[in-house]
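Enquirer: everything below, folded, please.
(chains A, B, C and D)
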Protein chains: 2
Amino acid sequence: MTRRHNRTRGDRGIPEATVARLPVYLRALHSLQERGVATVSSEELASAAGVNSAKLRKDLSHLGSYGTRGVGYEVEYLVYQISRELGLTQDWVVAIIGVGNLGRALAGYGGFASRGFRVAALLDADESLVGERISGLAVRHIDDLEQVIDEHGVSIAVIATPAAAAQGLCDRVVAAGVTSVLNFAPVVLSVPEGVDVRKVDLSIELQILAFHEQRKNGGPGEGQGTDGWEGNGHGERARGDEPPETTQYVEAVDA
Amino acid sequence: MTRRHNRTRGDRGIPEATVARLPVYLRALHSLQERGVATVSSEELASAAGVNSAKLRKDLSHLGSYGTRGVGYEVEYLVYQISRELGLTQDWVVAIIGVGNLGRALAGYGGFASRGFRVAALLDADESLVGERISGLAVRHIDDLEQVIDEHGVSIAVIATPAAAAQGLCDRVVAAGVTSVLNFAPVVLSVPEGVDVRKVDLSIELQILAFHEQRKNGGPGEGQGTDGWEGNGHGERARGDEPPETTQYVEAVDA
DNA sequence: GTGACTTTGTGCGTGTGTTCACAAAGGCTT
DNA sequence: AAGCCTTTGTGAACACACGCACAAAGTCAC
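Expert: Numbering: from 1, shown residues only, chains lettered A, B, ... in the order given. Take a look at the predicted model:
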């Protein structure tokens, strides 16, 4: 209905799934480059990137025909082509909003600067943090958000605040003209059409691991007999049973 | 070929894509629960989780038939069922390896404790950090890794070290019996069959954003004329051109 | 108890992604 | 220059995921 994003298949023919893998290839290529390797076969590169070689070839074929049959791909050349396709040949100005533990970690993360991402500003709502220098950058107050975005020409905002503050700040950065947001807060951000949001959620990944871990051990429900939930109204349900009456099963902090 | 994981469709019928969304639903449900909501329709919950309502219903139907037609889903009951399916009704013991900026952020992250994940140990190779208390936990030396895993019955290892150290440490935790690894280091970890690895890469997400951002502005290549790479050997290529001679286009730090 | 209304659960068509397998293409050797 | 060998690029089959649209199932009002 209203506001479907529906941008599978990127923008111009490159499938979304491929785009998501290009950075992985790029990293593998950098690593090869450091070791002085000049040429790789799809088989080698695929293995370094942890994917199937046919998939790798098809992915690369979306960028153009950059390999040499019988030989492979020239590392340096491919690095450039992927970088260019991803937009890493130009600089992107990033602002990090929220300078808690995570914000600090991000500010100091080498992987940003090395890929054409320039962290130009750190912002926080806590007055006592304003002015503090972190990774060589003075923290600005969140009240200056719009001004800072404008000043530095920020094009990507990284939200590393508590969940409760995230949507409001997101609205503000979008209103200020930012069209790409990387969200670390555990909430679903809603944004207008044309704005991209990507989400990184630390605890979701753990939960997925827990699911598989549970399956490795024994089925769900963890064992003996019916597990809790003394059937207060729910007659016959499909699978599994239910927890003890009034308990709060998980504490629910994130909001 | 050898060692294909190929576990689409989880373990027992629940599609991987569904598993990945369950934590999102769970979060939305917790938020509703806090607001005292007792019942939700698929439409409401879907909107809170940022997905299509048909998809939500299909996802939930994989767990069993937990809704009431004409009414919706009972929040508390659904919270329990999803928690149980994900394995959050039992406690998972987590060790965080690497206590740099990121490791600290993770150690203090509320989203873990609140979901049945108990951070039982922090480890680092830096002698000067050993003994320091972070979020109420004393840092142990990485030499004690195996002992710590055994002591606490660690079942999930979080790797938050530099890339160079990651594979070696991964091998060690796997040898010590851990079968689930959450990797923040920018490398592809290789593990034996039966071990699950999930990867969180901060810079990959940014690169994907950059790709889309570039598309919004103007095509790739950033503009006027042919962009660099003075055709040193590459005659006629498919798309786009190439960068200036001997330059290192991106600095390549992560290894 | 009956009927109108709401909302679930799902069958089905469509599109996306993955993998196999092979022809086309290039290099290298003789 | 001819033929062999390697590796790419892709056609085609398959598997998975998504979302529409609707029948089945239940509630609520009267």
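
Enquirer: what sits against the residue most central in space within chain A?
Expert: Centroid-nearest residue in chain A: A:Val200, 4.4 Å away (criterion: Cα atoms, centre = their mean). Contact partners of A:Val200, counting by Cβ atoms under 8 Å, 6 or more residues apart in numbering or on different chains, are A:182-184, B:200, B:202, B:205. Any C-beta I mention is one placed from the backbone N, CA and C, and that applies to glycine too.

Enquirer: state the mean pLDDT of stretch A:79-88.
Expert: The average pLDDT within stretch A:79-88 is 96.

Enquirer: quick check, it touching DNA strand D?
Expert: No. Judged by Cβ under 7 Å from any atom of the strand, stretch A:79-88 makes no contact with DNA strand D; its nearest approach is 11.0 Å.

Enquirer: alpha carbons only: can I get that stretch in CSV?
Expert: This file holds the C-alpha atoms of stretch A:79-88, laid out as CSV (Å, rounded to 0.1, in the frame of the first residue of the first chain):
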residue,chain,number,x,y,z
VAL,A,79,39.0,-3.4,-6.7
TYR,A,80,38.5,-0.2,-8.6
GLN,A,81,35.5,-1.3,-10.4
ILE,A,82,33.7,-2.6,-7.3
SER,A,83,34.7,0.5,-5.4
ARG,A,84,33.3,2.7,-8.1
GLU,A,85,30.1,0.8,-8.3
LEU,A,86,29.6,1.0,-4.6
GLY,A,87,30.4,4.7,-4.7
LEU,A,88,33.5,4.5,-2.6
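
Enquirer: from the chain's centroid, how far away is that stretch?
Expert: 19 Å (Cα atoms, centre = their mean, to the nearest Å).

Enquirer: would you confirm that A:Val188 contacts B:Ala28?
Expert: Yes. If you go by Cβ atoms under 8 Å, A:Val188 and B:Ala28 touch, sitting 7.4 Å apart.

Enquirer: so A:Asp171, which of the three states?
Expert: When classified by DSSP: H, G, I helix; E, B strand; the rest coil, A:Asp171 comes out as helix.

Enquirer: residue contacts, it?
Expert: If you count contacts by Cβ under 8 Å, 6+ apart, A:Asp171 has none.

Enquirer: looking at per-residue confidence, what score does it get?
Expert: 98.

Enquirer: so it versus A:Trp92, what's the distance?
Expert: Distance, A:Asp171 to A:Trp92, by Cβ to Cβ, to the nearest Å: 21 Å.

Enquirer: ranges for the strands of the stretch 101-250 of chain A?
Expert: A:117-124, A:133-134, A:137-141, A:156-159, A:180-183, A:196-199 (DSSP state E, counting those that start in this stretch).

Enquirer: how near is the residue nearest to A:Ala175 when sequence neighbours are not counted to chain B?
Expert: Excluding the flanking residues, the one nearest A:Ala175 by Cβ to Cβ, 6 or more residues apart in numbering or on different chains is A:Glu146, at 7.8 Å. Applying Cβ to the nearest Cβ, to the nearest Å, the value for A:Glu146 to chain B is 19 Å.

Enquirer: quick one on the thing from earlier: the contacts of A:Val200, buried ones only, as a ChimeraX selection?
Expert: The buried residues among the contacts of A:Val200 can be selected in ChimeraX (16 or more other Cβ atoms under 10 Å in any protein chain shown) with this line:
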select /A:182,183,184 /B:200,202,205
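
Enquirer: among the contacts of A:Val200, which pair sits farthest apart?
Expert: Taking Cβ to Cβ as the measure, the contacts of A:Val200 span a maximum distance of 13.4 Å, between A:Asn183 and B:Val200.

Enquirer: lowest average confidence, helix or strand, in chain A?
Expert: Lowest by mean pLDDT, DSSP states H and E among the helices and strands of chain A is helix A:110-113, with a mean of 83.

Enquirer: re earlier: want to try CSV for the strands of the stretch 101-250 of chain A, with distance to DNA strand C and mean pLDDT as columns?
Expert: Listed next are the strands of the stretch 101-250 of chain A as CSV, based on distance: least, Cβ to the nearest atom of the strand, whole Å; pLDDT from 0 to 100:
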stretch, distance to DNA strand C, mean pLDDT
strand A:117-124, 24, 97
strand A:133-134, 37, 96
strand A:137-141, 37, 98
strand A:156-159, 22, 98
strand A:180-183, 19, 98
strand A:196-199, 15, 97
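
Enquirer: of all those, which lies closest to DNA strand D?
Expert: Comparing those by their distance to DNA strand D (Cβ to the nearest atom of the strand), the top pick is strand A:196-199, with 14.4 Å.

Enquirer: and A:Gly240, what pLDDT?
Expert: pLDDT, A:Gly240: 42.

Enquirer: can you check A:Gly235 too?
Expert: For A:Gly235, the predicted pLDDT is 42.

Enquirer: what does A:Arg7 give?
Expert: A:Arg7 is given a pLDDT of 39.

Enquirer: and what of A:Glu222?
Expert: pLDDT at A:Glu222 comes out at 47.

Enquirer: got the residues of chain A near DNA strand C?
Expert: A:8-9, A:15-18, A:51-52, A:54-55, A:57-58, A:68-71.
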